[in-house]
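In: Could you look at this predicted model? Sequence included:
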Amino acid sequence: MVLPENLLPWHADPWARLLASRRAGRLPHALLLTGSAGVGKQIFADRLAAALVCETSVLEAQPCHRCRACCLAADGTHPDLHRVMPVEKGKPIRIEAIRELIGRSSLTTAGQGMLVFVISPAEAMNRAAANALLKTLEEPSGASCLILVSSASHRLPATIRSRCQEVAFRPVPREQARKWLIERTGGGDVSAVLDAAGGAPLLAQTLLETGKLERLNQLADELIGLGQRRADPLEVAQVWAEWPITQQLADLRRVIFDLTRLCVTDVANHDGLYLGGKRMDLKNLSKDINLRKIFHFKDEIDHLERLTSHNLNSQMMMEKLVNNWLKLTRPEKH
Ligand SMILES: [Zn+2]
């Protein structure tokens, strides 16, 4: 992957702290990068991995983006840098992948740097894979560094979490995010898209580039349409199943978050809503459904999220979710 040459501005602090640890020879054997999606944890992990194999002698300049090691790292062909990820997005990381990692970690490095592993998203490891990794964490080998990346670290076993040093990425300050996004999009109003991304700049950029904001709006319309019995449940389930399941569940969670907020607050108070532009429609929907029902639906989303590593049929999962929503929004009999 091609790394941006400059550090993302909100990464400066954690980067400086890790650099200081490294200078002092105290770089942790295992790091866990946490924080919400879209703040650049993967970019940070790749930059750190490249820095750890970079051959330039100036620590502050690593990765130099110029030496042989940096070129190989950018190509994804550096022999000491390994990325472990699901074979397909949304699928689990299996034990075979972790066994391969363990096998490699006992080898000596090909270059002069360290042996580096990036596991991302770490919560995609199934139980067997996580257990296998635990062994490596208990017996760290000298010149290796394990970098785990997770936007849902609560789903990692506590035993894994406790053996890694956490690098927590906090939400990016609004003004910094806005400035960064405007520099990349050439101006315009970026508030709506930043709201939809929960304030995460890289997610906002993706939303802009992929038209995902429209998708979130459409999702709200679908929930409203189902509630009013205007939309065809099977058709909606089909549309939902076309999206990667983890993404679909995350998007639903955003709309439901707004609905929850609007149940208990006035429409005028729309700070922090993902879909500020849809607040009137969502407010109307919130009048027909109570908080208890909304939480029930949220529980259902959580439940399905836990099942995503089980390879279930996404069409069936989405039909179940749609039916659930229909039940919850059934008009009360008088
Ligand atoms: Zn280099």
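Out: Good, I have the coordinates. Keep in mind that this is a model prediction, so the values were computed, not measured.

In: where in this structure is pLDDT low?
Out: Applying pLDDT under 70 to the chain flags the ranges 1-3, 107-113, 140-142, 269-271, 309, 331-334.

In: all strands of it, in order?
Out: In the chain, the strands defined using DSSP state E lie at 30-34, 81-84, 115-119, 144-150, 165-168.

In: what about those strands, which gets the closest to the ion?
Out: strand 81-84 (11.9 Å; C-beta to the ion). Any C-beta I mention is one placed from the backbone N, CA and C, and that applies to glycine too.

In: Can you say which of the strands of the chain is nearest to residue 321?
Out: Closest to residue 321 of the strands of the chain is strand 144-150 (C-beta to C-beta; 24.5 Å).

In: Show me what that closest one is packed up against.
Out: For strand 144-150, the elements it packs on are strand 30-34, helix 41-53, strand 115-119, judged by 3 or more C-beta pairs under 8 Å, 6 or more residues apart in numbering; DSSP states H and E.

In: TSV for those, including distance to the ion and mean neighbour count?
Out: Putting the helices and strands packed on strand 144-150 into TSV (distance: least, C-beta to the ion, whole Å; neighbours: other C-beta atoms under 10 Å) gives the following:
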stretch	distance to the ion	mean neighbour count
strand 30-34	20	23
helix 41-53	7	24
strand 115-119	13	25
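
In: Now render these as CSV, adding distance to residue 60.
Out: Listed next are the helices and strands packed on strand 144-150 as CSV, based on distance: least, C-beta to C-beta, whole Å:
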stretch, distance to residue 60
strand 30-34, 19
helix 41-53, 10
strand 115-119, 19
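
In: surely residue 42 meets residue 120?
Out: Yes. Counting by C-beta atoms under 8 Å, residue 120 is a contact partner of residue 42 at 6.0 Å.

In: tell me, what's touching the two both at once?
Out: Here residue 42 and residue 120 have residue 149 as joint contacts, going by C-beta atoms under 8 Å, 6 or more residues apart in numbering.

In: What parts of this protein come near the ion?
Out: 54, 56, 63, 64, 67, 70 (C-beta under 5 Å from the ion).

In: Dead centre of the chain: give me the residue that sits there.
Out: With distances taken as C-alpha atoms, centre = their mean, residue 37 lies nearest the centre of the chain, 3.4 Å away.

In: and the residue lying closest to residue 257 once chain neighbours are set aside, what does it touch?
Out: Excluding the flanking residues, the one nearest residue 257 by C-beta to C-beta, 6 or more residues apart in numbering is residue 274, at 6.5 Å. Contacts for residue 274 (C-beta under 8 Å, 6+ apart) come out as 195, 196, 198, 216, 254, 255, 257, 258.

In: I'd like to know how far residue 274 sits from residue 306.
Out: Look at residue 274 and residue 306: by C-beta to C-beta, to the nearest Å, they are 23 Å apart.

In: same check, this time on residue 75
Out: 36 Å.

In: same check, this time on residue 106
Out: Distance of residue 106 to residue 306, given as C-beta to C-beta: 33 Å.

In: go on, residue 214?
Out: Per C-beta to C-beta, residue 214 is found 29 Å from residue 306.

In: I'd assumed residue 15 was in contact with residue 21.
Out: No. The criterion here is C-beta under 8 Å, and residue 21 misses it with residue 15 at 11.0 Å.

In: Could you identify the longest helix within the chain?
Out: Longest helix in the chain by number of residues (criterion: DSSP state H): helix 245-264.

In: which other helices and strands contact that helix?
Out: helix 212-227, helix 279-287, helix 291-307, helix 314-328.

In: Where do the domain boundaries of the protein fall?
Out: 9-168, 211-328 (automatic domain parsing).

In: Just send those domains back as TSV, with distance to residue 181 too.
Out: Listed next are these as TSV, based on distance: least, C-beta to C-beta, whole Å:
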stretch	distance to residue 181
domain 9-168	11
domain 211-328	13
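
In: Those: which one's closest to residue 174?
Out: Residue 174 sits nearest to domain 211-328 of all these, at 10.5 Å, using C-beta to C-beta.

In: now that we have the residues of the chain next to the ion, which one has the most neighbours?
Out: residue 54 (25 neighbours; other C-beta atoms under 10 Å).

In: right, and it touches residue 63 too?
Out: Yes. Contact criterion C-beta under 8 Å: residue 54 and residue 63 qualify, at 4.4 Å.

In: Find residues that contact each of those two.
Out: Common contacts of residue 54 and residue 63, defined by C-beta under 8 Å, 6+ apart, comprise 70, 73.

In: returning to what we had before: looking at the helices and strands packed on helix 245-264, which is buried most?
Out: helix 212-227 (a mean of 19; mean count of other C-beta atoms under 10 Å).

In: Show me what it is in contact with.
Out: 192-193, 196, 206-207, 231, 233, 236, 239-240, 243, 251-252, 254-255, 258-259, 274-275, 277-278, 281-282, 284-285, 288-289, 322, 325-326, 329.
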